[in-house]
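[1] model the following, please.
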Amino acid sequence: MNIILVKVLATALAFSQATTRPDAIKAEFDPIRDKTEVAELLRAGCLHMRKSFDIEQINLDDLIATAMDDKDALGEEIKVLKGLSFSDLHTVYREFCKGEAVEQSPVDLTEVISFYNQALKDLPDVGRLKELKLPGMSLILDGKGEPFSEVFTPENRRIWVSIADIPETVRNAFIAAEDKRFLQHRGIDERGLVRAFIGNLAQPGRPQGGSTITQQLAKTILVGNDVTYERKLREIIVASQLERSLSKNEILELYLNSIYLGRGAWGVEMAARGYFGKSVGALTPVESAFIAGLAKGPNYFSPDRNAGRARDRLAYVLARMREDGAIEAGETRPPLPPFVAYERLRPDTGYHFLDHVSREARSIGGISGLTDASYVVRSTLNPDLQRATEAVLQEGLARYELNTGRFKFEGAETNIAEAIAAMTDEQRGDDPAWLAALKNVRMPLYDVQWQPAVVLENGRTKRGDVLTVGLMDGRTVALNPWNAATRRSLKVNDVVYVRVREASGKQKNPQAARAELRVRPSVQGAAVVLENKTGRILAMTGGFSYPESQLNRAVQSLRQPGSTLKPVTYLAALKNGLQPNTLVMDSPIVFPPIGGGPNPRPKDYWAPRNAGGGSGGAVTLRRALEDSRNLATAQLMAYGIENSPEQGLDRICELAIEAQLYRECSRFYPFILGAQPLRLIDLAAFYAAIANEGARPVPHVIDSIERQGRLIYKADHNAVNWIGSVDRAAFFQLKSMLQGVFTRGTARSARHLATYAAGKTGTTDNELDAWFVGFTNEVTVAIWVGYDNAKGRRTLGRGQTGGRVALPMFEPILEAVWRTHAPKTALSGPSPDAARQLVAVRIDPDTGDIDQAAGQRAAAGVEYLRRDPVGGVSDTRYRIVSRSDQFDYYRGGDGFEEDGSRVQRWPYDSRYGLDFRDFFQPRSGFNSGGYYYGPRPQQRRPEFSDDDYYRRAPRRVDPDYFFGRRAY
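    Take a look at the predicted model:
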């Protein structure tokens, strides 16, 4: 049996059931037992169709006779009947429609039933459409309430509107245009099918479907849009079931919210906004008719593509509406209504931020996802600051690889040779072809803030080697490719990223600008700008580029914080009553295994060391933190917080948990130097708490959420978690010490910021991670740089510390904060509560001396020291280190015996019965008596290095380094 005839008869079987017994439709027949029933159904369906032809005043017998005599009289080749014999079709008509006895019938009902059963296998459940609300589009506003982005799933850019809020004019327009008998039929309109059938015979060039609104809804939501007989079969049956399950208003509501109407709009509300800039409730009759006319073919009748077709379609719909009495008589061919410009929100920044908005929304009660319905979300985003933060991070990562020789050019972003050729053929506009093509290019990394440029010339000329690129503004400039290998790999019409350096001097010549090639770095980074008082995240970038990697390293990655965790230890010491001028030994120390044990091995002991080796003897807590001394920090844990190192570690861990840096601590000594990984956002919140004197804000990206004009969520900007075990005075002392990191410490390359900011550098073992976290009165900026290390532990390289890699990005981000969010102000002094417990004195920052002589020295600075019970200064300077220890304890040099002979002194710790010679061996070449404290070969390398005692310059130094200053 002809396969086309099988499919036609199976479709006719579905139609017959839907029109003659809609309440008893069968989705499966027995190929043997039910052949008689199927034949009767086909005859009943044909009889029903003949009546429809009679209603339409069409003589079906004459139509068939004409076709048999001269099929060309019906038009060109009929695509819907291609492959089907007209004689077979006529025989089937005689057999089932006229009841004639036919010899050698071409019909095998077994095949028809088998095809029918297979096509209707696993029909969708129409019951789930009851109360169904389709996915919607949520609008994301920035912190000022301006539209920033839209969130929706593919083919679901809609705003749901209930049928009660859709004007009757709009409903009538769609009924007139798409389904005149919608309110009368039961899912299948046989009269519409007749009109479509005759239309397809007469004008087969553009097929007519004859589908009802119910059928279109079934196709859109349940059945799919395949152009097959199987889909049509399922559509007919499902449409009939829909009519039994849903009311006409429910069907119409689903239809008007699900249909695609062009300009990226699904549903009438989104279409009204997209074409006319208003809600569907404000549409005029002409605007309603226009939108209804788009349902037949939103691209074909688009006013943006063919205004003539759109105008004809509008006139047709208005005429149908007048026939139905939906509108009064008017102009027969009115002009198209005025449209708003078609602009989609397509941000080129903030994609990691937007991802986090969606995640945070799911954590809010009652919201399972921003695409489940249509919400208006007011975010905390500062778009200008976000753009600047991304640009700084991207440039900083690329500059790091350029200056260390690690950059690797792996090819152009794209090539626009074909687009240029097409533009040349069309010769449209005044722009040269390369510029027109460049303006239309869609870069793969659409959030990278560098400029795209097209290579126009690359080769040797009379001027020598020439490499020229064209820019978006039409200029052509020379390109610096950094090396010969990169130059050779570039081809004409390649598109690359560049950074343009404009000509300097009073007489700036635009043609004297030059472009520098920018290459995608393999190193990654993250940055967060957090508002201290409220916890609002003003800017956040979780990597170099979102299209390249969707992992948000600011909130989804755990990395070792290194020395940026040291303030927790110093805060615990200040909480314990110590002062910034309290002395602590910066000298070797060895810790036995926690919990002891019968026979601990040497490798079970922990012997930290300073970055670069050496020790400094007795130093103040301030200088120990400013210079990020590992040994002093370990000594402080051991002797400055509790009676034993283990107890000191426990107090530090408890404080870290209270500060919400961790949920639980890994109980091992290297924890104090940042051995346990954490999230960058949590570290930023802790530093914001320091700025707030103990009030830790709750970081968030959503200020409020509305649905259909009703506020369903509002963030509490006053919600803070006080780190209540520490008073405000201790927090301010720590804040002042971190300010000294800029003045004298590891961030002194940016000492000009010391008046306005405080912060801390951090570097982990082997330079795997580089950090800088700093704060002003208003914001905290946290920056991390490192490799993802998915395929191994790749380091940043010797000497690439937080002060060298991350710190240079802090200042340009801070300048953007001052430019876009808060004015530049000096770091504030202690709050009234803290000031009542503190007294300001002038001291020598190196020795902690507060006598008159120290106060007169130029190097002396103001220190805030805690008051004692009677109002004086609480003197804790020698609580850890006695006066005699300050001078007698080994400070890195040689001692002398009584006879004057020189001798190397090895420190001995009587508290543990440990001789440091068991763990360290002398090495020549160090500046303290020719000895260097370093581990024996059998001992593992200490857990952490620190920030900035490397003196080795980068392998590559660019005189035009973006960040201006080198960090030491």
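[2] okay, CA-based contacts and neighbour counts for the rest of this
    OK.
[3] ok, the closest residue to Cys46 other than its chain neighbours - contacts?
    The shortest distance from Cys46 to any non-neighbouring residue, by CA to CA, 6 or more residues apart in numbering, is to Cys97 (5.3 Å). Residues counted as contacts of Cys97 (CA atoms under 8 Å, 6 or more residues apart in numbering) are 43, 46-47.
[4] just those residues now: which is nearest Arg460?
    Within the contacts of Cys97, the smallest distance to Arg460 is 80.0 Å, found for Cys46 (CA to CA).
[5] and stretch 129-138, which residues are buried?
    By neighbour count, with 16 or more other CA atoms under 10 Å as the criterion, the buried positions of stretch 129-138 are 129, 133-138.
[6] nope, stretch 600-612 is what I was after
    Residues of stretch 600-612 classed as buried: 605-611 (neighbour count, 16+ other CA under 10 Å).
[7] ok, back up a step: same list, the buried residues of stretch 129-138, but as CSV with secondary structure, distance to Lys533 and pLDDT please.
    Supplementary listing: the buried residues of stretch 129-138 in CSV, determined by DSSP: H, G, I helix; E, B strand; the rest coil; distance: CA to CA, whole Å; pLDDT from 0 to 100:
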residue, secondary structure, distance to Lys533, pLDDT
Leu129, helix, 47, 85
Lys133, coil, 39, 81
Leu134, coil, 39, 87
Pro135, coil, 36, 91
Gly136, coil, 34, 92
Met137, coil, 32, 93
Ser138, strand, 28, 94
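[8] next, the most centrally placed residue in the chain: phi, psi?
    Note on the chain: the residue nearest the mean C-alpha position is His352, at 2.2 Å, using CA atoms, centre = their mean. With angles defined as degrees, to the nearest 10, His352 shows backbone torsions of phi -60, psi -40.
[9] mind checking how far it is from Glu390?
    Counting by CA to CA, to the nearest Å, the separation of His352 from Glu390 is 10 Å.
[10] what is in contact with those two at once?
    With CA under 8 Å, 6+ apart as the test, His352 and Glu390 both reach Thr541.
[11] Glu178 touches Thr212, doesn't it?
    Yes. Contact criterion CA atoms under 8 Å: Glu178 and Thr212 qualify, at 7.0 Å.
[12] these two: who's more crowded?
    The residue with more neighbours, out of Glu178 and Thr212, is Thr212; 25 against 22, by other CA atoms under 10 Å.
[13] what's near enough to touch that one?
    Under the criterion of CA under 8 Å, 6+ apart, the contact list for Thr212 reads 178-179, 182, 187-189, 192.
[14] ok, back up a step: contacting residues around the residue nearest to the centre of the chain?
    Residues near His352 by CA under 8 Å, 6+ apart: 540-542, 546, 550-552.
[15] quick one: it from Ala526, how far?
    Counting by CA to CA, the gap between His352 and Ala526 amounts to 10 Å.
[16] and for Arg877?
    Counting by CA to CA, the gap from Arg877 to Ala526 is 39 Å.
[17] okay, the closest residue to Thr564 other than its chain neighbours: pLDDT?
    Ranked by CA to CA, 6+ apart and with sequence neighbours excluded, the top spatial neighbour of Thr564 is Gly762, at 4.9 Å. What the model reports for Gly762 is a pLDDT of 96.
[18] going forward, count from 4.
    Sure, I'll start counting at 4 from here, so that last one is Gly765.
[19] thinking again about what came up before, restricted to buried residues, select the contacts of His355 in PyMOL.
    Here is the PyMOL command that selects only those of these that count as buried (16+ other CA under 10 Å):
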select buried, resi 543+544+545+549+554+555
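[20] now, the contacts of His355 that are in strands?
    When DSSP state E defines the strands, the subset of the contacts of His355 inside them is 543-544.
[21] report the next helix or strand after whichever strand or helix holds Phe813 in sequence order.
    Phe813 is part of helix 810-823, with elements assigned from DSSP states H and E. Beyond helix 810-823 on the C-terminal side, the first helix or strand identified by DSSP H and E is helix 835-838.
[22] what sits up against that following helix?
    Applying CA under 8 Å, 6+ apart, the set of residues contacting helix 835-838 is 730-732, 735.
[23] from the contacts of Cys100, pick the one nearest Thr758.
    If you rank these by distance to Thr758 using CA to CA, Cys49 comes first, at 91.2 Å.
[24] which SS state does the closest one fall under?
    Secondary structure state of Cys49, per DSSP: H, G, I helix; E, B strand; the rest coil, is helix.
[25] run through the residues that contact it.
    19, 99-100.
[26] out of those, which comes closest to Arg502?
    Nearest to Arg502 among those is Ser19, at 69.1 Å by CA to CA.
[27] got a list of what the closest one touches?
    By CA under 8 Å, 6+ apart, the contact set of Ser19 is 44-45, 47-49, 51.
[28] in TSV: the residues you listed, plus distance to Ala285 and pLDDT.
    Conversion of the contacts of Ser19 to TSV gives the following (distance: CA to CA, whole Å; pLDDT from 0 to 100):
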residue	distance to Ala285	pLDDT
Leu44	48	90
Leu45	48	87
Ala47	47	87
Gly48	44	85
Cys49	46	84
His51	43	83
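[29] which of these count as buried?
    The neighbour-count test (16+ other CA under 10 Å) marks 44-45, 47-49, 51 as buried among those.
[30] how near is Ile116 to Ser19?
    If you measure Ile116 against Ser19 using CA to CA, the figure is 14 Å.
[31] what of Arg654?
    81 Å.
[32] and the helix or strand hosting Ala843, which strands flank it?
    Ala843 is part of strand 841-846, with elements assigned from DSSP H and E. With DSSP bridges as the test, strand 841-846 is paired with strand 864-869 (antiparallel).
[33] tell me where the stretch 104-253 of the chain has helices.
    For the stretch 104-253 of the chain, helices defined by DSSP state H, counting those that start in this stretch occupy the ranges 112-122, 171-181, 193-205, 216-220, 232-248, 251-261.
[34] list the contacts of the longest strand along the chain.
    In the chain, ranked by residue count with DSSP E as the criterion, the top strand is strand 454-464. The contact list for strand 454-464 (CA under 8 Å, 6+ apart) reads 437, 441, 446, 468-475, 490, 493-503.
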